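A.B. asks: pasting the sequence and the predicted coordinates here, then a few questions.
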Amino acid sequence: MSLGQKFGITLVNLIIAIVFIAIAAFVVFHKLFALSGQVRAMEVEPQAGKWNKMHLAYALEYEKLGSFRDIGYVPHGEVMKEGEASRSSTFSYSSDLINGKGRFLAVNRKTLDACKKYDGQWFAYINPEQMIGNAVAEAPIKRCAVLTPNFELLREF
């Protein structure tokens, strides 16, 4: 090498550097702004808690079980079927009237980490023999239940 030789960046080196920067930016952007399954699944816990409190107040007043409309509960998302069901971006909510009043059902519409689409069913019901008190909550299969560790407490956050 002679002393008069100049150092510079070639076009190939510049393109490789830009590609590496773009890949790194994508990974960082994805990690920072992508919602994890657990964050999306947390939507169902306050909804079930709100339904439970409203149903408890209804049962105390009327001494019977009620549907979403009866108790005044408006499920999260786009409401359908005369107020007895709704669809949010992550869950479908239903009062499950086919099986009777006093029921809450949420089913995931998207894959949430290991919980596959439509795989999780977060379910709660009021025991007809013991209407006063918290509803009985049933978490879905384990890979879905881990997303909502407080679901069975049925409290509104």
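C.D. replies: Here it is on my side, so go on. Predicted, not measured: the structure shown is a model, and the values here were computed from it. Numbering: from 1, shown residues only.

A.B. asks: low-confidence regions, this structure specifically.
C.D. replies: Applying pLDDT under 70 to the chain flags the ranges 1-7, 32-35, 156-157.

A.B. asks: what residues does the residue most central in space within it make contact with?
C.D. replies: Residue closest to the mean C-alpha point of the chain, counted by CA atoms, centre = their mean, is residue 41 at 2.7 Å. Neighbour list for residue 41: 90, 108, 112, 115, 120, 144, 147-148 [criterion: CB atoms under 8 Å, 6 or more residues apart in numbering]. C-betas here are computed from N, CA, C, even on glycine.

A.B. asks: show me what residue 123 is bridged to.
C.D. replies: Per DSSP bridges, the residues bridged to residue 123 are residue 105, residue 138.

A.B. asks: neighbours of it, how many?
C.D. replies: By other CB atoms under 10 Å, the residues close to residue 123 number 21.

A.B. asks: check which helix or strand the closest residue to the residue nearest to the centre of the chain other than its chain neighbours maps to.
C.D. replies: Leaving aside its sequence neighbours, residue 41 sits nearest to residue 147 (CB to CB, 6 or more residues apart in numbering; 3.6 Å). Assigned by DSSP states H and E, residue 147 belongs to no helix or strand.
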